[in-house]
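from the sequence below, what's the structure:
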Amino acid sequence: MLAAGVGARAGVTADEVLALLREALETAGIAGAADTAGAGPAEAGPAGAAGRRGPAVAVLATAEAKAGEPGIAGAAARLGVPLVTYPAAELAAVDVPHPSPTVLGATGTPSVAEAAALLAAGPGAVLLVPKSASSRATVAVAGHPAVPEPPGTTSRAPAPCAANRQPLMPAAPAPAPADPHSADPHSTALRPAGRRPAAPRPAGPAPAPPEPGQARTRQKAGLP
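Next comes the predicted model:
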């Protein structure tokens, strides 16, 4: 929310207040200044004529001593925004960059426009447009600046939706167990536990050939 603080001398006109406010907003590059400050009664207000944008400021603020000043009240009415006022003691408690001893002697507070703008904008507000002055008016604008994103901040990628997820591949079936009846009986891979294969029998020693004398004796005796 933007708040405009207004200080003025007696006899200031609404046109002078609005012209100064418009110049301050345009100098600061605040959007909406050309559409609102200085608008006529039929064009003022958030629901302005024929799609005009709402006011660049949401409230006008000043000192209680200036509440009855026709030029300030008329400027708020033409903008279609409320006019709020603060006592001099409350304004004097606000720290401002441009206090004025002349204003202090005349109103009891060293600042009207800047202090009123900061109070009306709310806690944490800063001066977006320091006070500027015309012959009989002073204007300042306060608000809350946009907080920039910290450097190096990256947005986290959104999680994929269910429609974009790849289906899981089914697990491969386990191999069927081998038939024990068709397996090699000597294979250790399929041998039942607790059984050992029969060891082959060793072949017996070959019979020794008969000695020559024994062969002749057996032939004489008719033995094979």
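
shaky segments in the chain?
Low-confidence regions of the chain, defined here as pLDDT under 70, cover residues 31-55, 146-224.

in it, which spans are helices?
Listed from the start of the chain, the chain has helices (DSSP state H) covering 14-28, 33-36, 70-79, 88-92, 101-107, 113-121, 212-220.

in CSV: those, plus mean neighbour count.
Yep, even glycine has a C-beta here, placed from its N, CA and C like the rest. Putting the helices of the chain into CSV (neighbours: other CB atoms under 10 Å) gives the following:
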stretch, mean neighbour count
helix 14-28, 20
helix 33-36, 19
helix 70-79, 22
helix 88-92, 17
helix 101-107, 13
helix 113-121, 28
helix 212-220, 10
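
minimum distance to residue 135: which of the ones you listed has it?
Residue 135 sits nearest to helix 14-28 of all those, at 7.6 Å, using CB to CB.

quick one: list the elements packing against the closest one.
Other elements packing on helix 14-28 under the criterion 3 or more CB pairs under 8 Å, 6 or more residues apart in numbering; DSSP states H and E are strand 3-8, helix 33-36, helix 70-79, strand 126-133, strand 137-143.

between those, which one is closest to residue 112.
Of those, the one closest to residue 112 (CB to CB) turns out to be strand 3-8, at 3.4 Å.

and that closest one, which strands flank it?
Sheet pairing for strand 3-8, assigned by DSSP bridges, gives strand 59-63 (parallel), strand 137-143 (antiparallel).

between those, which gets nearest to residue 74?
Using CB to CB as the criterion, the shortest distance between residue 74 and these is 10.5 Å, found for strand 59-63.

what's in contact with the closest one?
Where contact means CB atoms under 8 Å, 6 or more residues apart in numbering, the residues beyond strand 59-63 that reach it are 1, 3-8, 69, 72, 75-76, 79, 81-88, 91, 107, 109, 112-113, 116-117, 119-120.

now the angle between helix 14-28 and it, please.
Orientation of strand 59-63 against helix 14-28 (axes from the mean of the first three to the mean of the last three CA atoms, to 10 degrees) gives an angle of 120 degrees.

angle of strand 59-63 against helix 113-121?
130 degrees.

ok, residue 67 - contacts?
With contacts defined as CB under 8 Å, 6+ apart, the neighbours of residue 67 are 73, 83, 85.

now the residues you listed in JSON lines, with distance to residue 64?
Putting the contacts of residue 67 into JSON lines (distance: CB to CB, whole Å) gives the following:
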{"residue": "73", "distance to residue 64": "13"}
{"residue": "83", "distance to residue 64": "11"}
{"residue": "85", "distance to residue 64": "5"}
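
closest to residue 65 among those?
Top of the list for closeness to residue 65, among the contacts of residue 67 and by CB to CB, is residue 85 at 8.4 Å.

so residue 89 touches residue 108, yeah?
Yes: contact criterion CB atoms under 8 Å: residue 89 and residue 108 qualify, at 7.4 Å.

tell me who's in contact with residue 128.
For residue 128, the contacting residues are 2, 28, 30, 141, 142, 143, 145, taking CB under 8 Å, 6+ apart as the criterion.
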